[in-house]
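S.K.: Have a look; sequence and predicted model below, questions after that.
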2 protein chains.
Amino acid sequence: MPAQARRTRKSAASPPVLRKFRGGFRWDQVELEPYKLSARRGGDFRCASRQVLIGKRGERVRFHLRYFELDARGYTSFERHLHSHVVIGVRGSGKVRVGRDEYQLRPMDTIYIGPDMPHQLRATGTGKFGFFCVVDAKRDRPRSLAKP
Amino acid sequence: MPAQARRTRKSAASPPVLRKFRGGFRWDQVELEPYKLSARRGGDFRCASRQVLIGKRGERVRFHLRYFELDARGYTSFERHLHSHVVIGVRGSGKVRVGRDEYQLRPMDTIYIGPDMPHQLRATGTGKFGFFCVVDAKRDRPRSLAKP
């Protein structure tokens, strides 16, 4: 059944979606995407990728689970938006800037980034920095805070 | 500021909440709780604990992040509810039963469990089985499917 049909038929069963980890921080049947799908969103970022683990296949969830990865010296956009983030470090080490503060993130460290807080993640070690990011399924578009 | 005040003042800043991992699958300033806080909910379970990483301190989130851990031979209630779960294995190995099917979970394996799907998690190795579980902040109460 197409995902769209599943979403509109509330009474139908919503089968489990299993994403097996296959090592190297890749999961079966999960596409490796560019970090920003649309250049229109703007923002300055470097060496970043995204995998949407849960939320793209018609799962009935109010939140999405994504895995982001930054190469050494990579970083995400410095941005703000009205929705919140929850970030869980899982690979290597990095820093997250939230407003004027910075926090070190190592595997299993967790941080909540509240609405409208300017934030940016950055790899700080010699290897890759990977993290889960949980976010509302319905959310506003990020606004870049990069200087033009 | 008390959490309640933060929740009601929408215009106020919502500061970051950092949960540093301190090893042994414990996090700074996170309480280790019994798996079920209320026995009134019923259910048959064994050797299970819970840590709420994000969601209990007035964070403005529509979902909560929890870490559950089962000792060897431990299991959660066999139950169903209208909200969905997203489970990420992080420690040891276990199985999740969803309806009539079973899925093996090892670290970084991820599974979506849809609304009203009967489910139960179980440790299958010789050690502990730990997993993150993301869930809607507003959710219905689980109904136990254990035989009386």
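M.R.: Okay, I see it.
S.K.: could you give the mean pLDDT of the longest strand along chain A?
M.R.: Ranked by number of residues, the top strand in chain A under DSSP state E is strand A:63-75. Average pLDDT, strand A:63-75: 94.
S.K.: Could I get the buried residue list for stretch A:122-136?
M.R.: Within stretch A:122-136, the residues scored as buried using 16 or more other Cβ atoms under 10 Å in any protein chain shown are A:122, A:123, A:124, A:128, A:129, A:130, A:131, A:132, A:133, A:134, A:135, A:136. To be clear about C-beta, it is placed using only N, CA and C from the backbone, and glycine gets the same treatment.
S.K.: Equivalent analysis for stretch A:54-73, please.
M.R.: Applying 16+ other Cβ under 10 Å to stretch A:54-73 flags A:54-55, A:58-70 as buried.
S.K.: Which ones among those residues also lie next to chain B?
M.R.: By Cβ under 8 Å from any Cβ of the partner chain, the members of those lying near chain B are A:54, A:59, A:60, A:61, A:62, A:63, A:65.
S.K.: of all the residues you listed, which comes closest to residue A:85?
M.R.: Comparing these against residue A:85 with Cβ to Cβ places residue A:63 closest, at 10.6 Å.
S.K.: who's in contact with the closest one?
M.R.: Residue A:63 sits next to A:55, A:134, A:135, A:136, A:137, B:62, B:63, B:86, B:134, B:136 when contact means Cβ atoms under 8 Å, 6 or more residues apart in numbering or on different chains.
S.K.: beta partners of it?
M.R.: residue A:136 (DSSP bridges).
S.K.: in chain A, which spans are helices?
M.R.: A:3-8 (DSSP state H).
S.K.: re the thing from before, now flag whichever of the ones next to chain B among the buried residues of stretch A:54-73 is closest to residue B:14.
M.R.: Once Cβ to Cβ is applied, the member of those that ends up nearest residue B:14 is residue A:63, at 17.1 Å.
S.K.: quick one: the closest one and residue B:98, what's the gap?
M.R.: 19 Å (Cβ to Cβ, to the nearest Å).
S.K.: swap in residue A:98?
M.R.: According to Cβ to Cβ, residue A:98 and residue B:98 sit 36 Å apart.
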